[in-house]
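> Sequence and computational prediction follow.
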Amino acid sequence: MYRGGRRASCIWHRRAGKDDFCLHWAALSNHRHPANYWHMLPEYGQGRKAIWKAVNPHTGKRRIDEAFPHWMRKRTSEQDMYIEFWNGGSWQVVGSDRYDSAVGSSPYGIVFSEWALSNPSAWAILAPILIENGGWAIFITTSRGRNHAYTLHQMAMRNPDWFAETLTVNDTIKRGGKITPEMVEQQRVEYTGIYGQEAADSLIEQEYYCSFEAAVLGAFYGKLMTAAEQEGRISAVAVNPDLPVQKAWDIGVDDPMAIWCFQVYPGRIDIVDYYENHGLGFDHYRDWLFDRGYRGADWVPHDAKVHEPGAPGARTRIETMFSLGLKPQLVPNEALMDGINAARLTIPLSYFDEKRCARGIECLRQYKTEWDENAHTFRKTPAHDWSSHGADAWRYLSVAWRQAWAAPPEPPKENKPLNQLTYNELLEIDEANHAGASERI
């Protein structure tokens, strides 16, 4: 980085000094190039504990005070976790869950801390800013399964414009690191007492040996997605033009909206596409689907019957979808855990298009519950993070696909001019129109 590097991917083991290095590099970079710098955690709330108030146990000083001594500072905002320097630059703790609200301040350097747990869309939005101003980005993390951190690191190792490094505990021991094998084994014993042997071994492999193959702790579908990959069910999947493409929606208002696109066969479901976005109306998603020829049924949750925000008398979401030419169908109203069980049963039947569904596949791999520190067990309910939207849409797909298969649409009939229709054919059209209107009501 000192010699002009602009991108780095560092898979370093737990307690290897990732954040400390990046804090000091941001301070040095600001001396050389006064500008705005961000230290981004997966969630904004994590930044206060992990970075802003974190204390170096070896010195007893706050880490930010070591990296940014007070003589450098013009102003410090404890509330906003923001430091303004005398030379005109600034440094701030931000969260990947709020990256869109921070766009506009044009950072010159960004540290993506715990990148494997962050929203990958943050980089997609922020990368053009750094490309335009020639800024730098460093991605630091421990491994968390074969997700976006894994694929980015693989790319970085092949790209001469990137620095890429994996440091296991064995590597840092050779360099005089403070973590010893005895400490790691003691941690294994403690993990076993809390989580059990299998989970403890996975945690040690993940946290200290940088294994991307270790199961994500608490993941609902992690092993099933690993099996899908091993069995060759994550590859190229063609769209059958003779079969309608059904869609399963997770409808968000403030949150992103996610859509799985699928085709059903006896004993098999082809997952042909996935799309996610936020802050856009139904017409945007309609256009995206229709541009790809996806015109089958649109399976939506029961909350699609609520009215859109706005004045009294506003349309329901279903009415909005009908008005746009979509074909909404309500999915069965299953309890959350029943839906998750249905999702588990559906994955072994599914074949995913690796490229078009890449984002959705990551959601399924990362969808997890949280550890309850008080009860010393995993919570039954899932954590709400960037993976939730794709996982919720998958849950709706999983409780709807049997209905989609049970009632395949009739093939289109040849259109005839009115003067060529028989009396019986006119009656059939009239009855069909009345039946469709009653069904919509």
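Nice, thanks for sending it over.
> contacts and neighbour counts: CA atoms only from here.
OK.
> Contact partners for D273?
Residues in contact with D273 (C-alpha atoms under 8 Å, 6 or more residues apart in numbering) are W260, C261, F262, D353, R356, C357.
> which one of these sits closest to V169?
C357 (34.2 Å; C-alpha to C-alpha).
> and whichever strand or helix holds G390, which residues are buried?
Using DSSP states H and E, G390 sits within helix 388-406. Using 16 or more other C-alpha atoms under 10 Å as the test for burial, helix 388-406 gives 388-401, 404.
> now, the most widely separated pair of these?
Largest separation among the buried residues of helix 388-406 by C-alpha to C-alpha: S388 and A404, giving 23.5 Å.
> still on that earlier bit, could the contacts of D273 be laid out in CSV, adding distance to T168 and secondary structure?
Formatted as CSV, the contacts of D273 follow (distance: C-alpha to C-alpha, whole Å; DSSP: H, G, I helix; E, B strand; the rest coil):
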residue, distance to T168, secondary structure
W260, 37, strand
C261, 39, strand
F262, 40, strand
D353, 33, strand
R356, 33, coil
C357, 31, coil
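> Any chance of the residues you listed in TSV with pLDDT and distance to S106 as columns?
Compiled in TSV, these are given as follows (pLDDT from 0 to 100; distance: C-alpha to C-alpha, whole Å):
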residue	pLDDT	distance to S106
W260	98	34
C261	97	36
F262	97	39
D353	97	36
R356	97	31
C357	96	31
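> now, among these, which is nearest to R63?
R63 lies nearest to C357 out of the contacts of D273, by C-alpha to C-alpha, at 40.2 Å.
> For the nearest residue to H13 once chain neighbours are set aside, give its distance to P241.
Spatial nearest neighbour of H13, chain neighbours left out: Y208 (4.7 Å); criterion: C-alpha to C-alpha, 6 or more residues apart in numbering. For Y208, the distance to P241 equals 48 Å [C-alpha to C-alpha, to the nearest Å].
> Could you check which of those two is surrounded by more residues?
A direct count of neighbours by other C-alpha atoms under 10 Å for Y208 and P241 places Y208 higher, at 22 against 9.
> OK, contacts around that one?
H13, R14, T168, V169, V184 are the contacts of Y208 under C-alpha under 8 Å, 6+ apart.
> Filter the residues you listed down to the ones in strands?
Among the contacts of Y208, no member falls in strands (DSSP state E).
> who wins for neighbours among the residues you listed?
H13 (27 neighbours).
> Low-confidence ranges, the stretch 101-250 of the chain, go.
By pLDDT under 70, the low-scoring segments of the stretch 101-250 of the chain are 101-104, 214-215.
> same thing but 50
Within the stretch 101-250 of the chain, no range satisfies pLDDT under 50.
> ranges for the helices of it?
121-133, 148-158, 169-174, 181-195, 197-208, 222-230 (DSSP state H, counting those that start in this stretch).
> Those helices into CSV, with extra columns for distance to R63?
Listed next are the helices of the stretch 101-250 of the chain as CSV, based on distance: least, C-alpha to C-alpha, whole Å:
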stretch, distance to R63
helix 121-133, 25
helix 148-158, 25
helix 169-174, 21
helix 181-195, 23
helix 197-208, 22
helix 222-230, 35
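> pLDDT score for M1?
You'll see M1 listed with a pLDDT of 94.
> got a list of what it touches?
Counting by C-alpha under 8 Å, 6+ apart, M1 has contacts R7.
> Against G222, how distant is the residue nearest to H13?
20 Å.
> and what of T369?
12 Å.
> So between the two, which is more surrounded?
G222 (22 against 17).
> so what's that one closest to, chain neighbours aside?
Leaving aside its chain neighbours, G222 sits nearest to R365 (4.9 Å; criterion: C-alpha to C-alpha, 6+ apart).
> quick one: that neighbour from E319, how far?
34 Å.
> what does stretch 175-187 contact?
R15, A16, V169, N170, T172, I173, I204, Y208.
> of those, closest to A137?
Looking across the contacts of stretch 175-187 and measuring by C-alpha to C-alpha, the closest to A137 is A16, at 19.1 Å.
> Near that closest one, how many other residues are there?
A16, neighbours per other C-alpha under 10 Å, totals 19.
> same deal with P160?
Considering only other C-alpha under 10 Å, P160 is surrounded by 9 other residues.
> low pLDDT regions in the stretch 301-441 of the chain?
311-312, 407-413, 436-441.
> Give the full set of residues in contact with the closest residue to D250 other than its chain neighbours.
With C-alpha to C-alpha, 6+ apart as the criterion, D250 has its nearest non-adjacent residue at 4.5 Å, and that residue is A393. By C-alpha under 8 Å, 6+ apart, the contact set of A393 is A248, W249, D250, A258, I259, W260.
> returning to that earlier point: between R365 and E319, which one's more packed in?
R365 (24 against 19).
> So that one lies in a strand, does it not?
No - counting by DSSP: H, G, I helix; E, B strand; the rest coil, R365 falls outside a strand, being helix.
> ok, then the element right after whatever helix or strand Y285 lives in?
Assessed by DSSP H and E, Y285 sits inside helix 282-291. Of the helices and strands lying after helix 282-291 in sequence (DSSP H and E), the nearest is strand 298-300.
> Direction included, what does that next one pair against?
strand 246-250 (parallel), strand 328-330 (parallel) (DSSP bridges).
> Figure out which of those strands is closest to G89.
It is, among the strands paired with strand 298-300 and with distance given as C-alpha to C-alpha, strand 246-250, at 41.3 Å.
> so the closest one versus helix 282-291, what angle?
Angle between the axes of strand 246-250 and helix 282-291 is 150 degrees (criterion: axes from the mean of the first three to the mean of the last three C-alpha atoms, to 10 degrees).
> Specify the residue ranges that define each domain of the chain.
Following automatic domain parsing, one gets these domains for the chain: 7-167, 230-406.
> Format the ones you listed as TSV; extra columns: distance to Y191.
As requested, the domains of the chain are exported to TSV (distance: least, C-alpha to C-alpha, whole Å):
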stretch	distance to Y191
domain 7-167	14
domain 230-406	12
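> In a markdown table, list the strands paired with strand 298-300 along with distance to R3.
Shown next, in a markdown table, are the strands paired with strand 298-300 (distance: least, C-alpha to C-alpha, whole Å):
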| stretch | distance to R3 |
| --- | --- |
| strand 246-250 | 46 |
| strand 328-330 | 56 |
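> Output those strands in CSV, with distance to G193 and mean neighbour count appended to each entry.
Shown next, in CSV, are the strands paired with strand 298-300 (distance: least, C-alpha to C-alpha, whole Å; neighbours: other C-alpha atoms under 10 Å):
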stretch, distance to G193, mean neighbour count
strand 246-250, 38, 28
strand 328-330, 45, 20
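> Nearest to Y44, out of those strands?
strand 246-250 (24.2 Å).
> roughly how far out does that closest one sit from the chain middle?
17 Å (C-alpha atoms, centre = their mean, to the nearest Å).
> surely A122 meets I110?
No - applying C-alpha atoms under 8 Å as the test, A122 and I110 come out as separate, 10.9 Å apart.
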